[in-house]
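S.K.: sequence? don't have it. structure:
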Ligand code: PLP
């Protein structure tokens with residue numbers, strides 16, 4: 001099949017997530033990728049792209065790892081699947097043990113799911129059932145932050161901070177337990193909100209510690225410790241959504257470790273297998289888990305048929321081996337600094353707003369009000385155009401809320417020359433964008 005045949009069939013039959021058919025049509029259809037190696041991806045016609053966002057922030061160890069393919073193949077031959085509600089597989093037991101050892105403190109118990117949204121759903125349900133079991137059935141609210149994204153299912157949308165792409169107003173009525181802090185870095189606002197809502201009705205505070213979707217608002221040193229203290233004081237569970245940040249991306253194995261904070265519940269996905277298999281997990285502190293030990297009433301009322309799929313667990317184990325063997329967590333810290341320094345050299349471009357981030361999770365904000373030549377006013381139009389220009393120049397990126405924040409989260413194996421290519425390509429993309437003067 002030719003490239004144009006594939007693109008036509010895609011336009012006729014494929015429905016791609018968070019993507020407008022007309023936008024794809026204007027580009028002649030989706031780019032069809034066929035191969036990956038290291039930090040690079042190739043399309044059907046052999047064009048090469050630097051994977052600047054690690055396949056939706058999932059790819060930690062790079063593409064095309066033979067070891068992963070072999071581990072997956074071995075597990076498929078031994079036992080492709082089992083009833084995970086009633087039986088345990090050896091890879092699931094070994095992976096739970098491994099994650100418990102990697103996670104800080106007594107985050108010792110691992111509940112497997114198949115995606116980040118499912119991890120968030122399970123974490124919320126755990127928090128809710130936990131409080132009921134503790135004799136506090138009125139603790140039902142979950143406080144999250146403006147601008148955040150926690151997934152696309154109804155429970156996750158209930159704690160979505162009006163992230164621009166989720167359009168949660170279309171899906172009202174949503175479950176009504178979500179409450180929101182408008183300033184994502186204000187502990188004072190959070191404390192006031194807890195008091196206003198009445199602490200005895202709050203089940204959990206849920207946040208993504210690096211503030212990825214809410215504009216990479218990386219917190220100051222005392223932010224997360226102060227929230228931990230607040231949650232302790234009021235008996236509220238702290239849930240850290242580490243779906244993007246887990247497994248080294250920010251320069252620590254888990255982002256909350258930058259501030260030495262122990263959440264009660266941690267959600268994981270993406271980097272857990274580097275995307276070699278779909279998987280998610282909820283990691284829980286021992287005292288929370290102990291509340292669920294008892295009879296039928298105490299049993300956690302939750303489960304997905306494919307949660308803890310043995311093939312995904314086998315992939316995750318080898319993924320973690322590679323992260324440790326190649327010291328990718330330290331590498332993320334080092335290369336993250338190099339990338340951010342590089343992105344900041346683009347400040348002279350008129351449409352460059354700022355660059356910031358943590359580890360290999362950085363973004364460039366486009367500036368809307370370049371004075372000497374108004375470049376654009378609509379952030380989503382400009383962001384989309386910048387993304388397409390960069391891709392045409394051989395660099396993949398995505399945009400975050402509200403459409404004009406270009407994200408870079410490459411595989412952690414990225415080298416200096418590849419970072420240089422990324423920065424130079426962004427420079428060329430911004431130069432082109434400035435010339436185009438979008439509306
Ligand atoms: N939580 C965070 C912080 C995320 O960034 C995402 C996805 O990007 C999710 C949850 C949802 O994960 P998934 O797309 O696997 O459902």
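M.R.: Sure thing, it's come through. Values in this document were obtained by computation on a predicted structure and should not be read as measured data. Residues are numbered from 1 along each chain as shown.
S.K.: hey, which helix is longest across the chain?
M.R.: Identified as the longest helix of the chain according to DSSP state H is helix 416-436.
S.K.: in that helix, which residues are buried?
M.R.: 418, 419, 421, 422, 423, 425, 426, 427, 429, 430, 433, 434 (16 or more other CB atoms under 10 Å). Bear in mind the C-beta positions are built from the backbone N, C-alpha and C, glycine included.
S.K.: count the neighbours of the closest residue to the first one other than its chain neighbours for me.
M.R.: The one in question is residue 418. Among residues not flanking residue 418 along the chain, residue 39 sits closest, at 5.3 Å (CB to CB, 6 or more residues apart in numbering). Residues lying near residue 39 (other CB atoms under 10 Å) number 24.
S.K.: could you name the helices and strands sitting against the longest helix of the chain?
M.R.: strand 48-51, helix 328-344, helix 379-392, strand 395-396 (3 or more CB pairs under 8 Å, 6 or more residues apart in numbering; DSSP states H and E).
S.K.: rounded mean pLDDT for the shortest one, please.
M.R.: Going back to what we said before, that points to strand 395-396. Averaging pLDDT along strand 395-396 yields 98.
S.K.: cool, the third one as well?
M.R.: When the per-residue pLDDT values of helix 379-392 are averaged, the result is 91.
S.K.: other residues contacting it?
M.R.: When contacts are defined by CB atoms under 8 Å, 6 or more residues apart in numbering, helix 379-392 is touched by residues 23, 27, 31, 49, 52, 164, 351, 366, 368, 375-376, 396-399, 402-406, 425-426, 429-430, 432-433, 436, 438-439.
S.K.: before we move on, which element is the nearest residue to residue 187 once chain neighbours are set aside in?
M.R.: In this structure, residue 187 finds its nearest non-sequential neighbour in residue 226, 4.5 Å apart by CB to CB, 6+ apart. Using DSSP states H and E, residue 226 sits within helix 223-234.
S.K.: for residue 179, list each beta-bridge partner.
M.R.: Beta bridges link residue 179 to residue 143, judged by DSSP bridges.
S.K.: mind checking pLDDT for it?
M.R.: Predicted confidence (pLDDT) for residue 179: 98.
S.K.: also the one 3 residues further on?
M.R.: Confidence per residue is given as pLDDT, and for residue 182 that number is 96.
S.K.: ok, it - contacts?
M.R.: Contacts for residue 182 (CB under 8 Å, 6+ apart) come out as 146, 189.
S.K.: torsion angles phi and psi at it?
M.R.: Per-residue torsions, residue 182: phi -80, psi -40 (degrees, to the nearest 10).
S.K.: now do the contacts for residue 28.
M.R.: residue 7.
S.K.: now do residue 87: how many residues are near it, please.
M.R.: Going by other CB under 10 Å, the residues that sit close to residue 87 add up to 9.
S.K.: measure it to the ligand for me?
M.R.: Distance of residue 87 to the ligand, computed by CB to the nearest ligand atom, to the nearest Å: 25 Å.
S.K.: can you classify that residue as helix, strand or coil?
M.R.: coil (DSSP: H, G, I helix; E, B strand; the rest coil).
S.K.: for it, give its distance to residue 257.
M.R.: Applying CB to CB, to the nearest Å, the value for residue 87 to residue 257 is 33 Å.
S.K.: now stretch 65-81: buried residues?
M.R.: Using 16+ other CB under 10 Å as the burial criterion, the residues of stretch 65-81 that qualify are 65, 68, 71, 72, 75.
S.K.: how many residues are close by residue 328?
M.R.: By the criterion of other CB under 10 Å, residue 328 has 23 neighbours.
S.K.: with residue 216 instead?
M.R.: Residue 216 has 21 neighbours, counted by other CB under 10 Å.
S.K.: returning to that earlier point: would you turn the helices and strands packed on helix 416-436 into TSV with distance to residue 173?
M.R.: Formatted as TSV, those follow (distance: least, CB to CB, whole Å):
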stretch	distance to residue 173
strand 48-51	39
helix 328-344	41
helix 379-392	27
strand 395-396	37
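S.K.: return the most buried member of the ones you listed.
M.R.: strand 395-396 (a mean of 24; mean count of other CB atoms under 10 Å).
S.K.: that one packs against which elements?
M.R.: strand 48-51, helix 416-436.
S.K.: what's the residue nearest in space to the middle of the chain in contact with, if anything?
M.R.: In the chain, the residue lying closest to the centroid (CA atoms, centre = their mean) is residue 244, at 2.6 Å. By CB under 8 Å, 6+ apart, the residues touching residue 244 are 57, 116, 208, 210, 212, 270, 271, 361, 409.
S.K.: how near is the fifth one to residue 190?
M.R.: The one in question is residue 212. From residue 212 to residue 190 the distance is 18 Å (CB to CB).
S.K.: cool, and the last one?
M.R.: Taking CB to CB as the measure, residue 409 and residue 190 are separated by 27 Å.
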